[in-house]
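Engineer: just to be clear, the model below is a prediction. Sequence and coordinates:
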Amino acid sequence: MGSCEIYPQTIQHNPNGRFVVVCGDGEYIIYTAMALRNKSFGSAQEFAWAHDSSEYAIRESNSVVKIFKNFKEKKSFKPDFGAESIYGGFLLGVRSVNGLAFYDWDNTELIRRIEIQPKHIFWSDSGELVCIATEESFFILKYLSEKVLAAQETHEGVTEDGIEDAFEVLGEIQEIVKTGLWVGDCFIYTSSVNRLNYYVGGEIVTIAHLDRTMYLLGYIPKDNRLYLGDKELNIVSYSLLVSVLEYQTAVMRRDFSMADKVLPTIPKNRGPELHTFWKNRASSSKLLQYPQILSIVLSLLFNLES
């Protein structure tokens, strides 16, 4: 397809896949993804795409961050405690010696400062969930956008560290995330011990034990397949049904009416997988104490026997 004019340290597609950026040697170049035509370039220590595919940020130095919209500079600001690294997504993340700060892409207003040193940050497509991975563990947080909007209007609950109720911590898992991505409300990741897992509603489900280090490449919903690659460019894929993930998410959220609707869409050959899921729920939680769930359990058992 073509060659790159710099030695890339990072390569990232924007959310809609139309553009790809390479960053390295203190520079960045944005190419069109299909023809590798040079679209924009400049100086940067680091680059991060926003959830809006037309927006991105660069870390110009350890003190200056610039935001661009449609390849034109929109805003430049100096984070209070400097900028050692930046992260894209629904909010602009900036890491400093004091921790992680999330900023609004539109006006660079501080949303929340958190005492954590992230290595990776992964946002779900809805912008409602975010995974913050550190050197030792990872946290799943829920972004409370309605409370953020209310606080911005009333200025209540706003401190020097931002909006107090901006996030709700849903869980902390003592595992090291190497690569990760979201499929709906499920966070899929490869761990430091070469396991392919996903997190759903506070539970960890293992998809596979990998025999070598592999990296998540992406998920194709229409194929219900998850793709991984290694450094030798070998590609492997695993079957992962969206309907199973939706079902498990609904159960863990105690949205039993939704779980009941999703259940008939799951192929019967996935019965053992759901059976294991329910065995774990029955032994480790109190879900079966809810009367709404009995019909779902009976439906599952019927599907397994028929």
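Structural biologist: That came through fine. Numbers count the residues shown, from 1 in each chain.

Engineer: grab the most central residue of the chain for me.
Structural biologist: Among the residues of the chain, residue 122 comes closest to the average C-alpha position under Cα atoms, centre = their mean, at 2.9 Å.

Engineer: beta-bridge partners for the residue nearest to that residue when sequence neighbours are not counted, please?
Structural biologist: Spatial nearest neighbour of residue 122, excluding adjacent residues (Cβ to Cβ, 6 or more residues apart in numbering): residue 131 at 4.4 Å. C-betas here are computed from N, CA, C, even on glycine. On the basis of DSSP bridges, residue 131 is bridged to residue 122, residue 140.

Engineer: going forward, count from 31.
Structural biologist: Happy to do that; since the first residue is 31 now, the last one works out to residue 161.

Engineer: state the distance from residue 161 to residue 207.
Structural biologist: For residue 161, the distance to residue 207 (Cβ to Cβ, to the nearest Å) stands at 7 Å.

Engineer: list the residues that contact both of these two?
Structural biologist: Common contacts of residue 161 and residue 207, defined by Cβ atoms under 8 Å, 6 or more residues apart in numbering, comprise 150, 168, 219.

Engineer: which of these are buried, as a PyMOL select command?
Structural biologist: Buried subset of these, written as a PyMOL selection, criterion 16 or more other Cβ atoms under 10 Å:
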select buried, resi 168+219
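
Engineer: need the shared contacts of residue 161 and residue 207 in JSON lines (columns: distance to residue 52).
Structural biologist: Listed next are these as JSON lines, based on distance: Cβ to Cβ, whole Å:
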{"residue": "150", "distance to residue 52": "19"}
{"residue": "168", "distance to residue 52": "27"}
{"residue": "219", "distance to residue 52": "25"}
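
Engineer: so which of the shared contacts of residue 161 and residue 207 are in strands?
Structural biologist: By the criterion of DSSP state E, membership of those in strands covers 150, 168, 219.

Engineer: returning to that earlier point: export the shared contacts of residue 161 and residue 207 to CSV and tack on pLDDT and distance to residue 294?
Structural biologist: Output for the shared contacts of residue 161 and residue 207, formatted as CSV (pLDDT from 0 to 100; distance: Cβ to Cβ, whole Å):
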residue, pLDDT, distance to residue 294
150, 97, 37
168, 98, 34
219, 98, 30
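
Engineer: from residue 234, how far out is residue 307?
Structural biologist: 12 Å.

Engineer: out of the two, which sits in the busier spot?
Structural biologist: The neighbour count for residue 307 versus residue 234, taken as other Cβ atoms under 10 Å, is higher for residue 307 (20 against 15).

Engineer: check which helix or strand covers the more buried one.
Structural biologist: helix 301-314 (DSSP states H and E).

Engineer: and what of residue 96?
Structural biologist: Secondary structure (DSSP H and E) places residue 96 in strand 95-99.

Engineer: in that strand, what's buried?
Structural biologist: Counting neighbours by 16+ other Cβ under 10 Å, one finds that the buried residues in strand 95-99 are 95, 96, 97, 98.

Engineer: that concludes my questions; thank you for your assistance.
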